[in-house]
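>>> Sequence plus the predicted model coming up.
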Amino acid sequence: MPVAYGLETFKDRTHERAEVMARLGDPRARLVAIIGRRGIGKSALAAKVAEQLASGAGAEGRAWAGIVNVSSRTSGISLERIFHDCARLPGPDALEDLLEVWTSQRGTPDKVAQLFAALSGGPYLILLDNFEDRLDDRGELYDQELSDFFEAFFRTRHGARILMTTQVPLALPPELRRYQARLYLDQGLPVPDAVELLCELDADGETDIVRASQQDLERAVRRVHGVPRALELIAGALSEDYLTLPTLDEVLDTFVERGDVIAYLAQDRFQRLDAESRLVLEVLAAFGRPASRDAVSWVLGPLAPDVDVPAALARLASHGRMVTVDRARRMFALHPMDADFIYGELPRDGLLGYRSLNRRVADWYARQKPSRDRWRSVEDVQLHRYEFAHRIRAEDHEPAAAVLDEIDYFLTWRGSVGATKDMHQQLSGRLRDDETRLAHLVGFGVALLVGGPHRQAAQVLGEAADLAERLNDQHRLAQALFALGDTYRQLNQLDEAIGPLRRAVELEDRLGDPERLLRALMSLSLTHSYRGEVREALEVADTMRTRALERSDDLGRAQANDSAACAHLASGDWNRALDMARAAIALYEEVGVTEALGYVHNVQGVAFLGLGDVARAEAEFLQANTDGAAVGSPRTEGICLYNLAWAHWTVGRYADALTAAQRSKSCFERAAATGTEVADALALAARARLAGEAGEAARHLRAAAEKSRGNADFVPPAWLLAEAERLTAESTD
Ligand SMILES: Nc1ncnc2c1ncn2[C@@H]1O[C@H](COP(=O)(O)OP(=O)(O)O)[C@@H](O)[C@H]1O
Ligand SMILES: [Mg+2]
């Protein structure tokens, strides 16, 4: 029977298992080889397949008459071992004869011929585990006896099949290659399986693993690419270092430098390579993703002019896939785990250190990246992002910031605000040049304004404004102040919002960019509306209209009407609010600007509620929700779902109100924007109302009213308070 360790904790590999089974079932494939790097799980996969076959499961159309397992890790793979194990397969009589054959003075070819003659029945499965021990780096056999064995195996008729696991595929003459099916096991375990395995490896719950959050565990398994042996090494390092008791983070941080890890996982074949091949591997490791031959040549060119890159790549790709090739895309890549090890050994400095290599890789992407006029979607700035990542790795933060400055607004406004924030985060505190730092702070702040959290946006933008002031950079100052004021508005800190917005308006007016002026005016007008300063809000909206008309700017007119609609809404003038909102929608649609549509439909919804037309209000909120989702603005969705919940409430549909309020809450959470608590309070009120607890419902309604105060996008708090009064009266009756 197969040596089957770790089979109880075996994870996933369903697809790979089915594939091995299918190949074994194919009569043309005499030898099925599972090929892959050390520790990826070849032996475990083969053992699992053998176990399945032995138990009769999954043996479609083929009942195996016998299975033997020969492993270099147990008895060692030799002809003697294979011969004796296989001799048992056909039964006691044959065994007797074959043992005699072995002890006789015949030559090896003769002995193996006798063996295969005896194996004419079957089918029999011979599992040769860890076969790379018998092969050199080119896949040639060391051992003449085994060569004779394979010669007979491939050239005579018999009922035996071999399942082999190996890091290097067995080299065969061309005429025999069609009998060998190769399955490459390149991928680690999928994240959920890997996390499960990692937890099971800490069955006693003694290490940091039990305390780690799901997120930490996922990060840990990603860090080691889901390679099962690496997971075991993590668990081992955590439980065996009694002296230092390292944390999961510490183990991960030092992972590629640990001697035990390298000993178990690094391909020692890399150490035996010639200097040229080694250099090419280092460049691929610096890329850390598939790279073309041209890319590798270009990077290496000035650093090591004598290297014949195409020849070295061809060598690496042919010898047991130390490098894998994507033939269709003509790209070369290292297994990510090998890339980590090789990268981990690079020195920091020097011509061939990691800084220099990364700088060169970044330069390669900088040459390839498309110009502004060719950007359509976030995919089109992928090469910029690669360039950024390699500048960071080269520790060239200023140039990295310059790349980010090219793309951050584009990314932020095309839905990838998370990526923008992430990149800015990597620059935080690392920039010495003031101009560069200012550009970074403004870009970061705007990304945080769009993607939240708003508290951090306020802090970063405050810093940006101070620096802009100090450097006397009026453009950036105007940008920072506008974003700061708008952040405060969205944080509902309306008193703080007014100052920066007024100054932004002044500056933009002087700088003469009409679009940005209008944007600042609009935020100012909305802030006045939120504060209940209807007259001021309408005045600002009038200024906007005048400015827009002067330049026949339809977008500006749309924004003026939009702002006026909010002001009328704040004063409870529902009909005027509706008129202005309709005009705004028509103009927004005319100029094809969809970002604001959700908000305007929301205004209409609230106005319809004010007029007592619940059905039309609901329709508007739903439309607003669709519009918000279409432009990826969870905050818009959160607001109109809250209002929709209230609309349901007013006609006694409390269950629907509960659902809508809960959805609202999760939208606010996604937006990392204020509003979560407001939605939560309304949801709690609806739940209490459904349970018939009127007093409780009233209490939560009051909380929702209180928390939504100052944001005119929400239905007026007075409505909720009136309902709370009614409920209180009802509950004390
Ligand atoms: N799918 C899997 N689920 C759970 N553990 C696995 C899985 N694959 C491999 N392992 C474990 O990871 C370690 C390395 O696997 P192994 O099969 O020996 O790798 P390889 O033969 O490729 O070097 C073994 O201890 C094995 O039990
Ligand atoms: Mg193995």
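Arrived safely, thanks for sending. Numbering: from 1, shown residues only. Ligands and ions are numbered 1, 2, ... in the order given.

>>> Going by C-alpha atoms from here, please, whenever you check contacts or count neighbours.
Fine.

>>> Enumerate every residue touching Leu176.
Contacts of Leu176 were listed using Cα atoms under 8 Å, 6 or more residues apart in numbering, and they are Phe154.

>>> packing partners for the lowest-mean-pLDDT helix or strand in the chain?
When the helices and strands of the chain are scored by mean pLDDT, DSSP states H and E, helix 259-265 comes last with a mean of 77. Contacts defined by 3 or more Cα pairs under 8 Å, 6 or more residues apart in numbering; DSSP states H and E place helix 259-265 against helix 228-240.

>>> List the buried residues of the helix it packs on.
Residues 228-235, 237-239 are the ones in helix 228-240 that count as buried (16 or more other Cα atoms under 10 Å).

>>> Around ligand 2, which positions in this structure sit nearby?
43, 130 (Cα under 5 Å from the ion).

>>> Doesn't Ala478 belong to a strand?
No. Read with DSSP: H, G, I helix; E, B strand; the rest coil, Ala478 is helix and lies in no strand.

>>> show me what contacts it?
Taking Cα under 8 Å, 6+ apart, we find Ala478 in contact with 503-505, 507-508.

>>> now Leu127
The contact partners of Leu127, taken as Cα under 8 Å, 6+ apart, are 46, 67-71, 162-164.

>>> Over to Arg576?
When contacts are counted by Cα under 8 Å, 6+ apart, Arg576 touches 565, 568.

>>> now swap in Val299 and tell me
If you count contacts by Cα under 8 Å, 6+ apart, Val299 has them with 283, 357, 360-361, 364.

>>> Among those residues, which are located in strands?
Using DSSP state E, no member of the contacts of Val299 sits in strands.

>>> if we can go back for a sec, list the contacts of the least confident helix or strand of the chain.
Applying Cα under 8 Å, 6+ apart, the contact partners of helix 259-265 are 38-39, 229-230, 233, 255-256, 341.

>>> follow-up on the earlier one: from the contacts of Leu127, which is closest to Cys667?
Lowest distance from Cys667 to the contacts of Leu127 (Cα to Cα) belongs to Ala46, with 46.8 Å.

>>> Make CSV from the contacts of helix 259-265 and add distance to ligand 1 and pLDDT to it.
Listed next are the contacts of helix 259-265 as CSV, based on distance: Cα to the nearest ligand atom, whole Å; pLDDT from 0 to 100:
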residue, distance to ligand 1, pLDDT
Arg38, 4, 86
Gly39, 3, 89
Arg229, 4, 88
Ala230, 8, 90
Leu233, 9, 85
Phe255, 17, 82
Val256, 17, 80
Phe341, 16, 86
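
>>> Now the two most distant members of those.
Distances among the contacts of helix 259-265 were taken as Cα to Cα; the most separated pair is Arg38 and Phe255, at 16.2 Å.

>>> Next, work out how far apart the residue in the chain positioned nearest to ligand 2 and Asn130 are.
Residue nearest to ligand 2 within the chain (Cα to the ion): Ser43, separated by 4.1 Å. According to Cα to Cα, to the nearest Å, Ser43 and Asn130 sit 7 Å apart.

>>> What distance do you get for the residue nearest to Leu684 when sequence neighbours are not counted to ligand 1?
In this structure, Leu684 finds its nearest non-sequential neighbour in His700, 6.3 Å apart by Cα to Cα, 6 or more residues apart in numbering. His700 is 50 Å from ligand 1, where distance means Cα to the nearest ligand atom, to the nearest Å.

>>> Please renumber the chain so that the first residue is 3 from this point on.
Shifting the count to begin at 3 puts that one at His702.

>>> Can you tell me the SS state at His702?
In three-state terms, and counting by three-state DSSP, His702 is helix.

>>> and it, what does it touch?
For His702, counting by Cα under 8 Å, 6+ apart, the contacting residues are 683-684, 686-687.

>>> now Tyr411, nearest residue through space, not along the chain?
Nearest one to Tyr411, counting by Cα to Cα, 6+ apart, is Gly445 at 7.1 Å.

>>> for Glu695, that is, sorry about that
Leaving out its chain neighbours, the residue that sits closest to Glu695 by Cα to Cα, 6+ apart is Ser733, at 7.9 Å.

>>> Tell me where this protein has strands.
Ranges of strands within the chain are 33-37, 68-73, 126-131, 162-168, 182-186, 293-294, 326-328, 333-335, based on DSSP E.

>>> which helices and strands sit right next to the first one?
Applying 3+ Cα pairs under 8 Å, 6+ apart, we find strand 33-37 packed against helix 16-27, helix 44-56, strand 162-168, strand 182-186.

>>> Check the offset of that strand from the chain's centre.
32 Å (Cα atoms, centre = their mean, to the nearest Å).

>>> Are it and ligand 1 in contact anywhere?
No. Strand 33-37 is not in contact with ligand 1 by Cα under 6 Å from any ligand atom; minimum separation 8.1 Å.

>>> Tell me the pLDDT of Gly78.
With respect to pLDDT, Gly78 has a value of 75.

>>> Same check on Arg163?
At Arg163, the model reports a pLDDT of 95.

>>> doesn't Pro29 make contact with it?
No. Shown here, Arg163 and Pro29 do not form a contact pair, counting by Cα atoms under 8 Å, at 9.1 Å.

>>> contacting residues around Asp188?
Each residue near Asp188 by Cα under 8 Å, 6+ apart is listed here: 38-39, 42, 337.

>>> Including neighbour count, could those go into CSV?
CSV is the format used below for these (neighbours: other Cα atoms under 10 Å):
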residue, neighbour count
Gly38, 23
Arg39, 24
Ile42, 24
His337, 20
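
>>> can you narrow these to ones near ligand 1?
Near ligand 1, judged by Cα under 6 Å from any ligand atom, the entries from the contacts of Asp188 are Ile42.

>>> now, the most widely separated pair of the contacts of Asp188?
Pairwise distances across these (Cα to Cα) peak at 10.7 Å, for the pair Ile42 and His337.

>>> Between its first and last residues, how far does stretch 222-236 reach?
9 Å.

>>> nope, stretch 299-317 is what I meant
For stretch 299-317, by Cα to Cα, the gap between its terminal residues amounts to 15 Å.

>>> Only the buried residues of that stretch, if you could.
299-302, 309, 311, 314-315, 317.

>>> State the mean pLDDT of it.
If you average the pLDDT over stretch 299-317, you get 94.

>>> do the same with stretch 420-433
Mean per-residue pLDDT for stretch 420-433: 94.

>>> Convert it to CSV, retaining C-alpha atoms only.
Taking Å, rounded to 0.1, in the frame of the first residue of the first chain, the C-alpha atoms of stretch 420-433 are listed here in CSV:
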residue,chain,number,x,y,z
GLY,A,420,-8.7,51.6,-3.2
ALA,A,421,-5.6,51.2,-5.3
THR,A,422,-4.8,54.9,-5.2
LYS,A,423,-5.0,55.0,-1.4
ASP,A,424,-2.8,51.9,-1.2
MET,A,425,-0.1,53.5,-3.3
HIS,A,426,-0.2,56.8,-1.4
GLN,A,427,0.1,54.8,1.8
GLN,A,428,3.4,53.4,0.6
LEU,A,429,4.7,56.9,0.2
SER,A,430,3.5,58.2,3.5
GLY,A,431,6.3,59.8,5.5
ARG,A,432,8.9,58.8,3.0
LEU,A,433,9.1,62.0,0.8
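
>>> mind giving me the domain split of this structure?
The chain breaks down into these domains under automatic domain parsing: 16-186, 193-267, 270-370, 515-593, 596-734.

>>> Comparing those by mean pLDDT, which bottoms out?
domain 193-267 - the lowest mean pLDDT of the domains of the chain, at a mean of 84.

>>> Could you tell me the end-to-end distance of that one?
Per Cα to Cα, domain 193-267 runs 19 Å from first to last residue.

>>> re the thing from before, for the least confident helix or strand of the chain, the distance to its chain's centre please.
Put simply, helix 261-267 sits 27 Å off its chain's centre (Cα atoms, centre = their mean).

>>> buried sites along it?
Neighbour-count burial for helix 261-267 [16+ other Cα under 10 Å]: 263-264, 267.
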